[in-house]
Every structure is written in structure tokens, then in C-alpha cells.
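**Student:** Provided below for reference: sequence and predicted model.
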Amino acid sequence: MLKRKIPKFVRVICVLGVLLTIVSAVVVTSNAAGNYTDTLFKYEFTSSSRTTAHTEFRGKWDYTSSYAYNYNSNVKINSVLVQAPVSIYFLDCTYGQPQDLPIGYAKYLPNLVKEKGYNEAKLCFIFTPKTPPTKTSLCILWSPDSI
């Protein structure tokens, strides 16, 4: 059996190539990870005229859909909008028709937040008010990005 000695510079280049591959994989993976940790949005009030509620803005890190799960609300949510901040206003970035969100259901909410150049998103829930005025509560898990 013949033994060939590999020159030192070839070994160094091979080791550097392996390290570069590992570092590249880590960078690509970390950039692809979105802001998909669920946050509890809990909102309670008493009114027969209020028809909307808004989450806080959170970072929108990738181009995936937003996500919402109606954990335990006591009103019918007719539509969910995905919005981006524009000065003191909000821009509806919902892609397609807004979706309803019945109690116990989870939905992916397609949107164009990143495509329009924004880095934050929030959800706007449009619901039917209760009559006569009674305690209304929204209890929703949500994230601006999804897996």
C-alpha cells in the first residue's frame, strides 16, 4: 500500500472549505428563521359599539404568512387584517380576502408586509359587537411569521 503525503497547504484549504461551509449553513439558517413565537393577545372590554381590536406591532422577519389561533374569545371574529405601520396610520397588507377566525381555529394569514418594504406587522380583528353590552373578550395566540 502506497502512502502519499498530502501537502500542508492542501490540508489547510480543505479545512477552510469545511469551516466556510459550516458558517454559511449557520448564517442561512439564522436568516431564514422568522418571528414565529406565539404571543398571547388578551383584550377585554364592555361596549356594544366597538368592532375592532389591534395587537401590538412585532418584527416581521420573513416573507411567510402571519399566524393566529383563536384560543378562547367570546365574540365572532369576522375578519383578520395584517397591517404595517405607515407614519401614524396603518396599511392593510392582507393578501387576498381577509379571513374569519372562529373560536378554536388556527389560520395562516397571507400578507405582503415584507414585499411592500415594512419590517413590522400587527393584526386587526374585526368582530360583531355583543348586544346588549356585556363583557367582551378576545384571547388569541399570534405571530407575525409562521413556520
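**Tutor:** Structure received. Numbering: from 1, shown residues only.

**Student:** tell me the contacts of Thr37?
**Tutor:** Ser143 (CB atoms under 8 Å, 6 or more residues apart in numbering). Yep, even glycine has a C-beta here, placed from its N, CA and C like the rest.

**Student:** please report how far it lies from Ala106.
**Tutor:** Remark: distance between Thr37 and Ala106 (CB to CB, to the nearest Å) = 15 Å.

**Student:** ranges for the helices of the chain?
**Tutor:** Applying DSSP state H to the chain gives helices spanning 8-32.

**Student:** quick one: low-confidence ranges for it?
**Tutor:** By pLDDT under 70, the weakly predicted segments of the chain are 1-2, 10, 12, 14-21, 23-33.

**Student:** so where do the strands sit in it?
**Tutor:** Listed in chain order, the strands of the chain (DSSP state E) span residues 39-46, 52-54, 58-59, 66-70, 77-86, 89-92, 106-109, 120-127, 135-143.

**Student:** and the third one, what does it pack against?
**Tutor:** Contact partners of strand 58-59 among helices and strands, from 3 or more CB pairs under 8 Å, 6 or more residues apart in numbering; DSSP states H and E: strand 120-127.

**Student:** can you list the strands that the strand it packs on pairs with?
**Tutor:** Each strand that pairs with strand 120-127, with its direction, by DSSP bridges: strand 52-54 (antiparallel), strand 58-59 (antiparallel), strand 77-86 (antiparallel).

**Student:** got those strands as CSV, with mean neighbour count and distance to Gln99 columns?
**Tutor:** As requested, the strands paired with strand 120-127 are arranged in CSV below (neighbours: other CB atoms under 10 Å; distance: least, CB to CB, whole Å):
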stretch, mean neighbour count, distance to Gln99
strand 52-54, 15, 15
strand 58-59, 14, 19
strand 77-86, 19, 6
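
**Student:** with distance to Tyr67 as added columns, please give these in a markdown table.
**Tutor:** Formatted as a markdown table, the entries for the strands paired with strand 120-127 read as follows, by distance: least, CB to CB, whole Å:
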| stretch | distance to Tyr67 |
| --- | --- |
| strand 52-54 | 16 |
| strand 58-59 | 12 |
| strand 77-86 | 10 |
